[in-house]
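> got a predicted model here, sequence first, then my questions.
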Amino acid sequence: MFLLRKPSTLQIRAFLTAQQKSSFSYTPLEITRNGATSGYTVDHNRVRLGLGAQCFDAAIAAIRQWKMFDLGWVNLFPDETPIEAGATVAVVIRHLGFWSMNACRIVYVVEDHGRLERYGFAYGTLTEHAERGEESFVVEWNQEDDTVWYDLLAFSMPGPLAGLGYPFARHLQKRFARDSKAAMKKAVSPLLLKI
């Protein structure tokens, strides 16, 4: 949904209510877990957040608080949405003098334990989203070298309107990945001091 002004909280709530019964706009589900599917553009981005258990705990806290969306030009609503399969959110984006609201739903949650600890989730686009596809947001702690990473993996294809401005849509996707990595680094740094 495209708007000329920033949507009000009431508009965003109404949009989310309308999306609660909406279906996913792509197939197959869990493509970020199960691998490549033809027709999708794949973007994989990683950034090292630090070292050790404290850093990993801080990164988990940042994921649970959706800090990877604290970008200024992108907002997530509601930002207190719990990380659980089936939760639906609105991604509100400001670009080129207008706003868009895009609906996503969490497809699965990641909680792996062992030599490689992992926490995060993947969400998928609903019918009211400019793109079609799925993106995962995962933090990892590799206990062999003690490194902690933030990992973004996206499978996407343009929706009908995004297809008209595909080069710009790709620019926004790349900008989101870059800014999301920076937001996670920023979010984790102060949390390390509190642990």
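Received the coordinates, thanks.

> how close does residue 89 get to residue 148?
25 Å (CB to CB, to the nearest Å). C-betas here are computed from N, CA, C, even on glycine.

> mind checking which helix or strand of the protein has the lowest mean pLDDT?
helix 160-164 (a mean of 61; mean pLDDT, DSSP states H and E).

> what helices and strands are in contact with the helix or strand just after that helix?
As assigned by DSSP states H and E, the chain's next helix or strand after helix 160-164 is helix 166-194. Applying 3 or more CB pairs under 8 Å, 6 or more residues apart in numbering; DSSP states H and E, one finds that helix 166-194 contacts strand 41-51, helix 52-64, strand 131-142, strand 147-158.

> helix 166-194 vs strand 147-158, what angle?
160 degrees (axes from the mean of the first three to the mean of the last three CA atoms, to 10 degrees).

> and helix 166-194, what's buried?
Buried residues in helix 166-194, counted by 16 or more other CB atoms under 10 Å: 169, 172-173, 176-177, 179-181, 183-185, 187-188, 191-192.

> stretch 120-140 now?
Buried residues in stretch 120-140 (16+ other CB under 10 Å): 120-126, 128-140.

> the residue most distant from the middle of the protein, which is it?
residue 144 (27.3 Å; CA atoms, centre = their mean).

> show me the contacts for the closest residue to that residue other than its chain neighbours.
Spatially, and ignoring its direct neighbours in sequence, residue 144 is nearest to residue 115 (6.2 Å; CB to CB, 6 or more residues apart in numbering). Remark: with contacts taken as CB atoms under 8 Å, 6 or more residues apart in numbering, residue 115 is in contact with 142, 143, 144.

> that older thread, okay, the residue farthest from the centre of the chain: pLDDT?
pLDDT, residue 144: 94.

> output the below-cut-off pLDDT ranges for the chain.
Within the chain, the ranges that satisfy pLDDT under 70 run 1, 3, 160-165, 190-195.

> now residue 167: how far from residue 174?
Distance, residue 167 to residue 174, by CB to CB: 11 Å.

> so in this structure, which strand runs the longest?
Using DSSP state E, we find that the single longest strand of the chain is strand 98-112.

> pairing partners for it, with directions?
Paired neighbours of strand 98-112 in the sheet (DSSP bridges): strand 2-3 (antiparallel), strand 88-95 (antiparallel), strand 116-125 (antiparallel).
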